[in-house]
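Q: everything below, folded, please.
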Amino acid sequence: MSTRPFIGARAEDGVRKVINGRLRKSGWVESVIPYTGYGTTDHVRVLARVVLRPAAATTPFGSAAEEFLSQRGWRNFFTAPAQRAQVTVTVGGSSVQVRTDRGGYVDVRLQNHDLEAGWGEATITVGEESVSAAVQVVDESVDFGIVSDIDDTILTTFLPRLFLAAWNTFVVTEEGRRAVPGMAELYRRMLDENPGSPIIYVSTGAWNTHPFLTRFMARNGYPAGPLLLTDWGPTNTGWFRSGPEHKRRALRELARDLPHVRWLLVGDDGQHDPSLYREFAELQPDKVRAIAIRQLTMAEQVLAHGTATVLEDDDDLAWHPDLAPEVRGKDGDELAGPLEALLEEL
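A: This is a model prediction of the structure:
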């Protein structure tokens, strides 16, 4: 079997190589976009992306917050990833040199970092630029955490429908997005009751939307936490990435990286969250405390997958609720009461 990358990936890499060469000749330099990492007092995971930017980069709309919030989503997708760039990642007393992947991403784990539990920092250096990336270090005594989907769970975008996804991503202004009622309050209350617990946001959305998502969550009162997103475009094996497989991998990595945490898994019934969460609970029941599913309205179901009925997978029929109790509701306000009562019993 050939190990040669898929033709789409090769074509994309070729185009990027030409564009990046011209940008470098025009004076563009490598620059780091830091993402929030996580880990324990034993090891941490650091995430970032290296892109090319003008040497004297300026913001396109000035410093006015109102103008910044009104920028169109399409601007987030005009990036030039720096492939195979050499990066130095330092966390406490540990340091490692790595190279970015074909999308310009850095995803590395470091041990012996000597950070204490709580919020710390990693330093990411490329060329003459060094930036700090937040890292949440979870104490090994913490046994509760939240994994939350994003689209249609904490904000309404109807992402699975291609046309609507493109409209929301490339055209609609940031202030045109809407938070799902009660979800931010529910998350804050649960984390207040479980000090030091992490919240991890997992989505099939593109990393290019990370700046918007972090601003949106801060503006609407969502607790800070790492985002595990994916990348658009061809892979080494095909034209498109698998959204369900991305979430499966993210859950496996969280179970490995934070083995002492039992997760509350929060999603919606517009796509595959219920079956993915149930699958994870069947495979690793000791890692799941409960499942909470936001029920979409009939209109949202139509926009999510084209029918007015809830999308069901064959695996749903074989589900055993004893593995992980599950609650459902239309929003955070409706989920709060049953979910909090359930967690008190566990």
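Q: figure out how far stretch 290-298 is from the centre of its chain.
A: When distances are taken as C-alpha atoms, centre = their mean, to the nearest Å, stretch 290-298 is centred 19 Å away from the chain's centroid.
Q: repeat for stretch 142-150
A: 12 Å.
Q: buried set for it?
A: Using 16 or more other C-beta atoms under 10 Å as the test for burial, stretch 142-150 gives 142, 144-150. The C-beta positions use only the backbone N, C-alpha and C, and glycine is treated the same way.
Q: do stretch 329-338 as well
A: Using 16+ other C-beta under 10 Å as the test for burial, stretch 329-338 gives 329, 331-332, 334-336.
Q: cool, and stretch 190-199?
A: Buried residues in stretch 190-199 (16+ other C-beta under 10 Å): 190-191, 194, 197-199.
Q: now, which of the buried residues of stretch 329-338 sits nearest residue 123?
A: residue 332 (36.3 Å; C-beta to C-beta).
Q: residues in contact with that closest one?
A: With contacts defined as C-beta atoms under 8 Å, 6 or more residues apart in numbering, residue 332 is in contact with 180-187.
Q: now the two most distant members of the buried residues of stretch 329-338.
A: Within those, 331 and 336 form the most distant pair, 9.2 Å apart (C-beta to C-beta).
Q: neighbours of the closest residue to residue 42 other than its chain neighbours, how many?
A: Closest residue in space to residue 42, ignoring its immediate chain neighbours: residue 111 at 6.5 Å, by C-beta to C-beta, 6 or more residues apart in numbering. A total of 12 residues lie near residue 111 under the criterion other C-beta atoms under 10 Å.
Q: how near is residue 111 to residue 95?
A: Noted for residue 111: a distance of 12 Å to residue 95, by C-beta to C-beta, to the nearest Å.
Q: now for these two: what residues contact both?
A: Contacts common to residue 111 and residue 95, judged by C-beta under 8 Å, 6+ apart, are absent.
Q: so where do the helices sit in the stretch 1-150 of the chain?
A: Under the criterion DSSP state H, counting those that start in this stretch, helices of the stretch 1-150 of the chain are mapped to 7-25, 65-69.
Q: now the strands for the stretch 151-300 of the chain?
A: Secondary structure of the stretch 151-300 of the chain (DSSP state E, counting those that start in this stretch): strands located at 155-156, 178-179, 199-206, 227-230, 262-268, 288-294.
Q: need the residues that contact the first one.
A: Read that as strand 155-156. Contacts for strand 155-156 (C-beta under 8 Å, 6+ apart): 177-180, 216, 220, 300.
Q: what's the ChimeraX line that selects buried ones from those residues?
A: Of the contacts of strand 155-156, the buried ones can be selected in ChimeraX as follows, counting by 16+ other C-beta under 10 Å:
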select :177,179,180,216,300
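Q: just put the contacts of strand 155-156 in JSON lines and tack on distance to residue 253.
A: Converted to JSON lines, these look like this (distance: C-beta to C-beta, whole Å):
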{"residue": "177", "distance to residue 253": "28"}
{"residue": "178", "distance to residue 253": "30"}
{"residue": "179", "distance to residue 253": "27"}
{"residue": "180", "distance to residue 253": "26"}
{"residue": "216", "distance to residue 253": "24"}
{"residue": "220", "distance to residue 253": "27"}
{"residue": "300", "distance to residue 253": "29"}
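Q: tell me the one among the contacts of strand 155-156 nearest to residue 265.
A: Distance to residue 265 across the contacts of strand 155-156 (C-beta to C-beta) is lowest for residue 180, with 16.1 Å.
Q: ok, now how distant is that closest one from residue 199?
A: The span separating residue 180 from residue 199 equals 15 Å under the rule C-beta to C-beta.
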